[in-house]
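In: make a model of this:
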Amino acid sequence: MSSENSNEARFNKLRKVIKEAFGFYDKFQNNTVQQEDVGFIMRYLGQFPKESDLQERIIPELLEDDPTRDGLVSFDAFEKMIFRCLSEHIYDPDDAETLLAAFRVLDPEGRGYIDQNLLHEHLSTRGGKSVDGFREKEIQDFTEYAKDKDTTDSSRIYYEDYVAKLTADVEKHLESLYQDARRFSTKS
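Out: Numbers count the residues shown, from 1 in each chain. You can find the predicted model right below:
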């Protein structure tokens, strides 16, 4: 297979992944999604913007491409934006050391865990701004994923285990997306 054919195949694979993620939220099957769904789709695709970035930059950019959509975001506008974000790593996730350092700030006693209620409080007002906080469903999904299933005390988040699990899962998921995005950006 030639290099050009290989790049085309990777582009098509990445476009398919983006289309599938977008399609999950395209309730009317008309290549549009609600503005509030853009963040969910971006996070699935490995980009983690703050809520304020979504509201102040990303959504307005997506809507300026086609202002006649009554506030809906088109696939074409989203695809163009997400390819740029992936290839330029604009909203990449933090690395393991950064995450561990953040958790350690919340654990001044050095116990190795954080109470689920304390974590909920911090996640709902991320950065001190409620606009950047996570939505309740995201917090529930996070705590369910982060909990140690083998302990009897489900109110504790053992953050070193969580970061190791998260890092492995995210790296595995994102590597194929980034690989395809990098190859696509060299093709364009």
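
In: in the protein, which helix or strand is least confident?
Out: Using mean pLDDT, DSSP states H and E, the weakest-scoring helix or strand in the chain turns out to be helix 159-187, at a mean of 73.

In: what number of residues lie near residue 142?
Out: Neighbour count of residue 142, defined by other C-beta atoms under 10 Å: 18. All C-beta atoms are positioned from the backbone trio N, CA, C, and that covers glycine.

In: and residue 114, by the same measure?
Out: Applying other C-beta under 10 Å, we find 21 residues neighbouring residue 114.

In: look at it and give its secondary structure.
Out: strand (DSSP: H, G, I helix; E, B strand; the rest coil).

In: identify the residues contacting it.
Out: Going by C-beta atoms under 8 Å, 6 or more residues apart in numbering, residue 114 touches 103, 106, 107, 156, 157, 159.

In: of those, select the buried ones using a ChimeraX command.
Out: Per 16 or more other C-beta atoms under 10 Å, the buried members of these correspond to this ChimeraX selection:
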select :103,156,157,159
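
In: dump the contacts of residue 114 to JSON lines, plus secondary structure and distance to residue 36.
Out: Output for those, formatted as JSON lines (DSSP: H, G, I helix; E, B strand; the rest coil; distance: C-beta to C-beta, whole Å):
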{"residue": "103", "secondary structure": "helix", "distance to residue 36": "28"}
{"residue": "106", "secondary structure": "coil", "distance to residue 36": "28"}
{"residue": "107", "secondary structure": "coil", "distance to residue 36": "32"}
{"residue": "156", "secondary structure": "strand", "distance to residue 36": "31"}
{"residue": "157", "secondary structure": "strand", "distance to residue 36": "27"}
{"residue": "159", "secondary structure": "helix", "distance to residue 36": "29"}
